[in-house]
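*Asks:* pasted the sequence and its predicted model underneath.
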Amino acid sequence: MVLAVSEDWWAGGAGNGLGTLYAFQKASALAQSKYGVDLLVQLDEKAISAALYHTAGKGTRLAPLPASENNNKPAVRLPATIDVGGDKVPITVLGKFCSVPSR
């Protein structure tokens, strides 16, 4: 299951820490409404793993790299690949990565 949410916090945004927690809260609500899945219960029971990609910011400290992707910071590709289901896919710049493995 892949869930995508965007920040709708008031002017200035929530920041990295609070923004990440807020994004998880929004993703949990989306999982419940769209798929009938309670992410917190599933994580607590170690029935699932979860990864959160938080792509906050405009990427100004990475300039001029984001300009190569129309100022889309998370789309900036790194010179490496990762195996995803047997396919080699490029690694991209992400603001934050948090993984909660099951078992």
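*Replies:* That came through, no problem. Numbering: from 1, shown residues only.

*Asks:* in the chain, where is pLDDT below threshold?
*Replies:* Low-confidence segments of the chain (pLDDT under 70): 55-59, 94-103.

*Asks:* kindly list the longest helix within it.
*Replies:* In the chain, taking DSSP state H as the definition, the longest helix is helix 16-35.

*Asks:* can you point out the buried residues in that one?
*Replies:* Judged by neighbour count (16 or more other C-beta atoms under 10 Å), helix 16-35 contains these buried residues: 19, 20, 22, 23, 24, 26, 27, 28, 30, 31. Heads up, the C-betas are built off the backbone N, CA and C, glycines and all.

*Asks:* also stretch 71-78?
*Replies:* Buried residues in stretch 71-78 (16+ other C-beta under 10 Å): 73, 74, 76.

*Asks:* quick one: contacts for the closest residue to the last one other than its chain neighbours?
*Replies:* Distance criterion C-beta to C-beta, 6 or more residues apart in numbering; nearest residue to residue 76, sequence neighbours excluded, is residue 93 at 4.2 Å. Applying C-beta atoms under 8 Å, 6 or more residues apart in numbering, one finds that residue 93 lies in contact with 59, 62, 65, 73, 74, 75, 76, 77, 78.

*Asks:* tally up the residues packed near the third one, please.
*Replies:* So that's residue 65. 15 (other C-beta atoms under 10 Å).

*Asks:* now the second one
*Replies:* The local packing of residue 62 (other C-beta under 10 Å) involves 13 other residues.
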